[in-house]
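# Quick one: sequence and predicted model below, then my questions.
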Amino acid sequence: MPKVFTATTISPISKTASPATWSECRPISLCIVTNKICTKLMTIRLGRILPKVLSLLQSGFVLGRLLSDNVLLAQELIHSFESLRPKANVVFKIDMAKVYDRISWDSFIRFAAERFPTVLDLLGG
């Protein structure tokens, strides 16, 4: 597709009266109508294909599936772990938006491998 159709201007809209950081703004994309039409067509086509390709466990950004389903699944898993081993359980909750760029994944995996090898085996690592 030619660049003129896909050109987009991103403008910040303030969430507060006087934002001091980018996290206090929400971005809005300003694009031409042709871009919106093409994007909608691709979305419709992908919407027919993705349910056949994605895992049933994938719930984020999938029509008809809720992220809250994963919260319930996590609660059920934790309850099952507690039933099997009442004293030796560990759960990591990582806010990906906050730590993705800050965490050293190599260090985290080494730490997890040393302290919780069974967990990594269960995850296929």
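Alright, I've got the coordinates.
# any weak-confidence spans in the chain?
Low-confidence segments of the chain (pLDDT under 70): 94-103, 119-125.
# so where do the helices sit in it?
With helices called from DSSP state H, the chain shows them at 3-6, 33-53, 67-84, 96-99, 105-115, 117-123.
# Which of the ones you listed sits closest to Trp22?
Nearest of the helices of the chain to Trp22, taken as CB to CB: helix 96-99 at 12.6 Å. Placement of C-beta: from N, CA and C, glycine included.
# ok, the closest residue to Pro19 other than its chain neighbours - how many residues close by?
The shortest distance from Pro19 to any non-neighbouring residue, by CB to CB, 6 or more residues apart in numbering, is to Cys25 (5.2 Å). If you count neighbours by other CB atoms under 10 Å, Cys25 ends up with 14.
# close enough to count as contact, Cys25 and Ser11?
No. Counting by CB atoms under 8 Å, Cys25 stays clear of Ser11, with 9.2 Å between them.
# and the spatially most central residue of the chain, what does it touch?
The centre of the chain sits closest to Gly60, judged by CA atoms, centre = their mean, with a distance of 6.8 Å. Residues near Gly60 by CB atoms under 8 Å, 6 or more residues apart in numbering: 67, 70.
# One more: Leu57?
Applying CB under 8 Å, 6+ apart, we find Leu57 in contact with Asn70.
# measure it to Asn35 for me?
In this view, Leu57 and Asn35 are 32 Å apart by CB to CB, to the nearest Å.
# Having no further points to raise, I will conclude here.
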